[in-house]
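Asker: Please find the sequence and the predicted model below.
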Amino acid sequence: VEVPLPTLFDYRVPPGMALLPGVRVRVPFGRGRRCAVVVRVGGEPAVAAARLKAVSEVLDERPLLDPAHLAFLQWAADYYHHYPGEVIAAALPVRLRRGDPALPAGESGWELTPAGRVADPADLGRAPRQAAILAALREHGGRLARRELAALQDPSPSALRALRERGWLQPCSVAAEVAAAPAAAAQGPELSAEQAAAVAAVEAALGRFAAFLLEGVTGSGKTEVYLQLTSRVLARGENVLVLVPEISLTPQLVRRFERRLGSAVAVLHSGLSEGEREQAWQQARSGAARVVIGTRSAVLGPVAQLGLILVDEEHDGSFKQQDGFRYSARDLAVVRGQRVAGGRGCPVVLGSATPSLESLRNARDGRYQLLHLKQRAGGARLPQLDLLDIRAQPLQAGLSPVLLRELETTLAAGDQALVFLNRRGFAPVLTCYACGWLSDCPRCDARQTLHAGSRLLWCHHCGAQRRVPEVCPECGSGELHPLGQGTERLEQVLRARFPDYPLLRIDRDATRRKGSLERLLREARSGAAALLVGTQMLAKGHHFPRVTLVGVLDIDGGLFGADFRAAERMAQLVLQVAGRAGRGEAPGRVLIQTRFPEHPLLQTLVRQGYPAFAEAALAERREAELPPYSHQALLRAEAAQAEPPNRFLAEVAELAAARPSAEVALWGPVPAPMERRAGRYRAHLLLQAATRRPLHELLTRLLPGVRELPSARRVRWSLDVDPVDLL
Ligand code: ADP
Ligand code: ZN
Ligand code: ZN
């Protein structure tokens, strides 16, 4: 039952009712009834038989989840110490969670009505688009999935509406057929020796579990390796799960899979309606879809005959779920690979140009096999990275004279340039020159960012907004000035400086409207805009063949961040952005502005590249006994006052001390780095151990008592196993 309780619930099966694990049922719960999923049938109930309530109703004829899948989800619930009902619910689409009847496994489509079948196209007069739809449907037996119709022609919504109004056309469900393995997959380019070796290594492991780390520099042809492997798995009659960080930011990967593998691909993305989502989920479950591409939650869903799992950009933070059931989709992908097909397993490939230190350590220890792509594909060269010392330089909106000059040269040569600043808005803070007032967020220990376009002060942590004041709220002076810069200000300054060159800004504010990101990326790729300005949205796997210069601003925070992962994230981001340069014929250059040009990690990154950086960073982590050389769990608590979270966590620490574990260290309670957020005070208790086992044993022992603490009722608390964000 989907409730925040750490147990499964026992029910009696009434006579005559047949139940299988994996079907949904309706059961009495509390004062009402709930939709639930059957996990086990039989065995000894945990409560006296007389007190057992009976299952009210069976909702599915056949199981939605198979036993191996249920066992995987229970494993995940155990490992993350999360509520099993919520974990299992997370594997289902929203409608099924609610108990709605399952949609037919087919896809939505259009069919001709009896009138439409015999209608005379001449009656349509001058309506060529309606006539074309009619003709396409007639050629295909009167019925097509929407997707198929869209592939044949781009039917206009108004033409479809007109045909419906005539009574010739109606929506229908098209039975899903198992798509044949498309032969077209063979059409890719000839693989380089490195690519071929990677494909061969994974291919040799098909049919059993093995984990691989595919470390390939940007543009080295990782996607091509994925495509080749996928077609080989499909040819074996098995299916593939592809996990990506964020679909809207990786449209090119999705498009390449679709173009190469056609109708066999189902994409689970946030733009789908609930019904469409469920249909894609059903196609994955039934095997009608041969390739399932999705974001982190797809690792929880079913995939029939799963033969390979690919995790692209495995280092990306979005694979970690940050609330509710806090899991790492990357880590679960590996566990899933071990457990599919009744424990026979399948290979899992984690790919990245900048692998996480966790995965690199696994590769070093031999748990993952390392596959290296060191060359860019198709003859393109890797860009040259250089540090720009900006100490004592006059900066203009954060841009140094050298960078401005280089931008000018690049633009004058007719090439494209990209300026990267990972902060949206106009300026991170507004201040009063008369009294020193700062635009503090009323609800957080943070500043509100100035957004000049919308005339707002806006907190990026809690979303609190207010109009930009005309005069200082403190002293009434008109001397209000922005401090520092965001992408809006960068855009303004660059437009003024280079008025003859078209500029595109790409960040969350510029792409809020649906479809606008796609449009902006298309324009950026076409090369029509000479200057690109943006946040990390620009950094993901886009291919801008004409960019030859990348300027990177304001990365110094990553060298001294409060979080021990700050440097790793900075390096990954810098290299991802840098990877946008020189992907075409012309070589690329990357200029990184810094006030700390002598910083050893930065030096290593720029002079020797990511593998050497990672080596140095791993040595630091080992020295400091930090992950991946130790394992952590973070207890968070928050409340409207500062005292209850502290009290609660102190009591948890006492509980732990009552039966101390020599192997687990406790840190805290301490206030969170940003203590007040969205009006609530937050505190942390960190548990750390050299190996996983004592940590998990302690948690298992501790949590029942923690849930019973009276102080737990005065706070909102949560447990984060393997936290990636300590803020
Ligand atoms: P990555 O995923 O590592 O960034 P891609 O797979 O996107 O790299 O490859 C970068 C570019 O090189 C793409 O345009 C791709 O079509 C091309 N490419 C990949 N492999 C080859 C190859 N073996 N021969 C020629 N071009 C290739
Ligand atoms: Zn003032
Ligand atoms: Zn705030």
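Answerer: Thanks, I have it. Predicted model, so just to flag it, every value in this text is computed and none were measured. Ligands and ions are numbered 1, 2, ... in the order given.

Asker: Check what pLDDT whatever residue of the stretch 151-300 of the chain ends up closest to ligand 3 gets.
Answerer: Here the stretch 151-300 of the chain gets closest to ligand 3 at one residue, E246, 23.8 Å apart by C-beta to the ion. From N, CA and C alone the C-beta is placed, and that goes for glycine too. Per-residue confidence (pLDDT) for E246: 82.

Asker: and for stretch 589-596, what are the contacting residues?
Answerer: Identification of contacts with stretch 589-596 by C-beta atoms under 8 Å, 6 or more residues apart in numbering yields 383-391, 398, 400, 402-403, 406, 548-556, 559, 574, 577-578, 581-582, 602, 606.

Asker: buried subset of the residues you listed?
Answerer: Among those, those buried by neighbour count (16 or more other C-beta atoms under 10 Å) are 383, 385, 387-388, 390, 398, 400, 402-403, 406, 548-556, 559, 574, 577-578, 581-582, 602, 606.

Asker: that older thread, gap between the closest residue in space to the residue of the stretch 151-300 of the chain closest to ligand 3 that isn't next to it in sequence and L214?
Answerer: Distances taken as C-beta to C-beta, 6 or more residues apart in numbering put S318 closest to E246, at 5.6 Å, once the chain neighbours are dropped. Distance, S318 to L214, by C-beta to C-beta, to the nearest Å: 19 Å.

Asker: near ligand 3, which residues of the stretch 301-450 of the chain?
Answerer: Where proximity means C-beta under 5 Å from the ion, the interface of the stretch 301-450 of the chain facing ligand 3 comprises C441, R443, C444.

Asker: The last one in helix, strand or coil?
Answerer: At C444 the chain is in coil, as set by DSSP: H, G, I helix; E, B strand; the rest coil.

Asker: Quick one: residues contacting it.
Answerer: The contact partners of C444, taken as C-beta under 8 Å, 6+ apart, are C459, H461, C462, A464, M674, R676, R677, A678, G679.

Asker: pLDDT added to these, as TSV?
Answerer: Converted to TSV, those look like this (pLDDT from 0 to 100):
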residue	pLDDT
C459	95
H461	92
C462	92
A464	94
M674	92
R676	95
R677	95
A678	95
G679	94
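
Asker: Tell me the buried residues within those residues.
Answerer: Buried members of the contacts of C444, counted by 16+ other C-beta under 10 Å: C459, H461, C462, A464, R676, R677.

Asker: circling back to that earlier point, in terms of distance to A650, which of the contacts of C444 ranks first?
Answerer: Of all the contacts of C444, A650 sits closest to R676, with 19.0 Å by C-beta to C-beta.

Asker: For that closest one, pull up the helix or strand it's in.
Answerer: Taking DSSP states H and E as the criterion, R676 maps to strand 664-677.

Asker: cool, T431 as well?
Answerer: Using DSSP H and E, T431 sits within strand 429-432.

Asker: Quick check, P101 in contact with L59.
Answerer: Yes - the criterion here is C-beta atoms under 8 Å, and P101 meets it with L59 at 7.3 Å.

Asker: ok, the two, which is more surrounded?
Answerer: Using other C-beta atoms under 10 Å, the more surrounded residue of P101 and L59 is L59, with 18 against 10.

Asker: Now for that one: which residues touch it?
Answerer: Listed by C-beta under 8 Å, 6+ apart, the contact set of L59 reads V23, R24, V25, R26, C35, G99, P101.

Asker: Not including adjacent chain positions, what is the nearest residue to the second one?
Answerer: Distance criterion C-beta to C-beta, 6+ apart; nearest residue to R24, sequence neighbours excluded, is L59 at 4.1 Å.

Asker: Tell me how far that neighbour lies from A132.
Answerer: 42 Å.

Asker: rewinding a little: please tell me how far the residue nearest to E246 sits from E479.
Answerer: Taken as C-beta to C-beta, the span from S318 to E479 is 41 Å.

Asker: same check, this time on G425
Answerer: Using C-beta to C-beta, G425 is found at 21 Å from E479.

Asker: what about those two, which has more around it?
Answerer: Taking other C-beta under 10 Å, G425 and E479 do not tie; G425 has more neighbours (27 against 13).

Asker: Could you pull up the contacting residues of that one?
Answerer: G425 is in contact with T449, L450, H451, A452, W458, H460, G486, T487, E488, D509, counting by C-beta under 8 Å, 6+ apart.
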